[in-house]
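[1] quick one, what's the 3D model for this:
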Amino acid sequence: MAKLKTGRHTSALKAQRQAVKRTSANKGLKKTIHLAAKEVAATKSAKSVAKASSALDKAAKKGVIHWKAAGRKKSRLAKLANKAAKATK
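    You can find the predicted model right below:
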């Protein structure tokens, strides 16, 4: 990276560098959520639901997804697991 010279757009350059870092961090968290949700869909176990809920809560805490979106997704995953548990009884 070249040394920054003082000028009008140095803050824009810094903002762009920050955006790249944040985007990569957010992508990692979103991928974790997606994989956890796929695991719940495949296994439909309480353990996988707990893991997915934890991932959703962490993403909401860090601002990657909205807290209400996290709650909605957690509810849907739990509903899916509960439906499968009732079917096996």
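[2] and the gap between the nearest residue to K44 once chain neighbours are set aside and A52?
    Spatially, and ignoring its direct neighbours in sequence, K44 is nearest to A84 (3.7 Å; Cβ to Cβ, 6 or more residues apart in numbering). All C-beta spots, glycine's among them, are computed from the backbone N, C-alpha and C. As judged by Cβ to Cβ, to the nearest Å, A84 and A52 stand 14 Å apart.
[3] what does A59 give?
    When Cβ to Cβ is applied, the distance between A59 and A52 equals 11 Å.
[4] so what's the gap between the strand or helix carrying V20 and the chain middle?
    Element membership for V20, per DSSP states H and E: helix 10-43. Helix 10-43 sits 7 Å away from the centroid of its parent chain (Cα atoms, centre = their mean, to the nearest Å).
[5] next structured bit after that helix?
    For helix 10-43, the succeeding helix or strand toward the C-terminus, using DSSP H and E, is helix 46-61.
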